[in-house]
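Chemist: predicted structure and sequence below. I'll ask about it afterward.
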Amino acid sequence: MLSARELKQKIGAMRFYLILLALLGLVGYLGVRYGNHLLDSQAYKISGLEQSVARITEENHKLTKALNILGVELEVERLANQQIQNSLQQAMQRQAELKKELSFYQKIMAPEMQEQGVVVDSLDIEATNSPGYFRFALVMMQRDARKELVQGDARIVIHGSRNGRPDTLSLTSLLQEPKDNLDFRFRYFEVLEGVFKLPEDFIPRRLEVDCQLEKPRKGRLNQAFDWLLSVAEGEQVNS
């Protein structure tokens with residue numbers, strides 16, 4: 001194989017350099033073509049990746065939108081169910097109140113349907129916003145068809161325990177203005193009410209109402225009630 005010097009001497013310097021330039025030009029041309037090919041290939045790949053990214057981004061946006069819509073629908077459904085439950089609970093509570101009111105007025109307006117005489121109709125205890133303070137409402141009622149004047153006094157005793165031992169308290173002595181008893185005077189009914197405070201270490205269990213009648217004739221009424229608290233939702237819970 002001829003060396004570059006021998007080839008140069010054989011074909012002459014001019015031809016040698018022309019051939020060399022031609023080879024260099026060919027190599028450069030091929031290099032440029034190859035580089036352009038690589039650039040085109042990279043550009044094609046980049047374009048494909050960009051399209052993939054755009055497609056994935058669009059799918060992600062659609063999925064995010066669908067999830068947001070689903071979340072809103074679920075929240076709306078939850079709120080609707082909660083509203084329905086609240087409405088149902090309020091309707092049931094109102095129905096119970098109406099039945100109680102109807103029963104109350106039936107006792108007054110249609111006494112022949114009930115036991116005759118003066119009765120302790122109910123005793124409700126309700127917790128106040130102040131810890132340890134409670135509100136009571138004692139309802140006295142006359143069920144006789146002939147409404148004579150009823151007069152007398154009532155005492156309420158709270159039975160419970162303190163420090164693990166049985167104990168009793170007079171409710172009227174726990175009032176903001178303590179008194180010995182609760183006076184009543186009515187023809188149809190009367191509600192005796194007030195606010196009292198229980199000692200912190202006292203646990204109530206039941207209440208006993210003792211009424212001394214003076215009119216229309218002397219007598220005595222005694223009625224016991226479990227200690228139940230009336231809460232805001234109209235439920236009954238043990239203290």
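Modeler: Nice, I can see it.
Chemist: tell me the secondary structure of Asn129, please.
Modeler: At Asn129 the chain is in coil, as set by DSSP: H, G, I helix; E, B strand; the rest coil.
Chemist: and it, how many residues sit next to it?
Modeler: 5 (other C-beta atoms under 10 Å). (C-beta placed from N, C-alpha, C; glycine too.)
Chemist: domain map for the protein?
Modeler: As assigned by automatic domain parsing, the chain contains the domains 1-109, 116-238.
Chemist: same list, the ones you listed, but as a markdown table with mean pLDDT please.
Modeler: Converted to a markdown table, the domains of the chain look like this (pLDDT from 0 to 100):
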| stretch | mean pLDDT |
| --- | --- |
| domain 1-109 | 71 |
| domain 116-238 | 85 |
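Chemist: center of this protein, which residue is that?
Modeler: Gln82 (9.0 Å; C-alpha atoms, centre = their mean).
Chemist: show me what the helix or strand where Met141 lies is packed against.
Modeler: Taking DSSP states H and E as the criterion, Met141 maps to strand 133-142. If contacts are counted by 3 or more C-beta pairs under 8 Å, 6 or more residues apart in numbering; DSSP states H and E, strand 133-142 sits against helix 13-109, strand 118-127, strand 150-162, strand 182-186, strand 189-197.
Chemist: now the longest one against strand 118-127, angle please.
Modeler: Same thing as helix 13-109. 160 degrees (axes from the mean of the first three to the mean of the last three C-alpha atoms, to 10 degrees).
Chemist: helix 13-109 to strand 189-197, inter-axis angle?
Modeler: Using the same axes, to 10 degrees: helix 13-109 against strand 189-197 is 130 degrees.
Chemist: packing partners for helix 13-109?
Modeler: Partner elements for helix 13-109 (3+ C-beta pairs under 8 Å, 6+ apart): helix 4-11, strand 133-142.
Chemist: need the contact list for Val195.
Modeler: Thr128, Tyr133, Phe134, Arg135, Phe136, Leu175, Gln176 (C-beta atoms under 8 Å, 6 or more residues apart in numbering).
Chemist: for it, give its distance to Thr128.
Modeler: To Thr128, Val195 is 7 Å away according to C-beta to C-beta, to the nearest Å.
Chemist: hey, what's in contact with both of these two?
Modeler: Phe134, Arg135.
Chemist: quick one: secondary structure of Asp180?
Modeler: coil.
Chemist: list of residues touching the strand holding Met141?
Modeler: Contacts of strand 133-142 with the rest of the structure, by C-beta under 8 Å, 6+ apart, involve 104, 107-108, 111, 117-128, 148, 150, 154, 156, 171, 182, 184, 186-198, 209, 211, 229.
Chemist: just the buried members of these?
Modeler: Neighbour-count burial (16 or more other C-beta atoms under 10 Å) is assigned, among these, to 107, 111, 117-125, 127, 150, 154, 156, 171, 182, 184, 186, 189-190, 192, 194, 196, 198, 209, 211.
Chemist: buried among the contacts of Val195? Need that as a selection in PyMOL.
Modeler: Burial among the contacts of Val195 is assessed by 16+ other C-beta under 10 Å; the matching PyMOL selection reads:
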select buried, resi 134+136
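Chemist: which two among the contacts of Val195 are spaced furthest apart?
Modeler: Thr128 and Leu175 (13.3 Å; C-beta to C-beta).
Chemist: neighbours around Phe225, how many?
Modeler: With other C-beta under 10 Å as criterion, Phe225 counts 16.
Chemist: beta partners for it?
Modeler: Leu207 (DSSP bridges).
Chemist: could you verify my assumption that it touches Asp121?
Modeler: No: at 11.1 Å, Phe225 does not count as touching Asp121 under the criterion of C-beta atoms under 8 Å.
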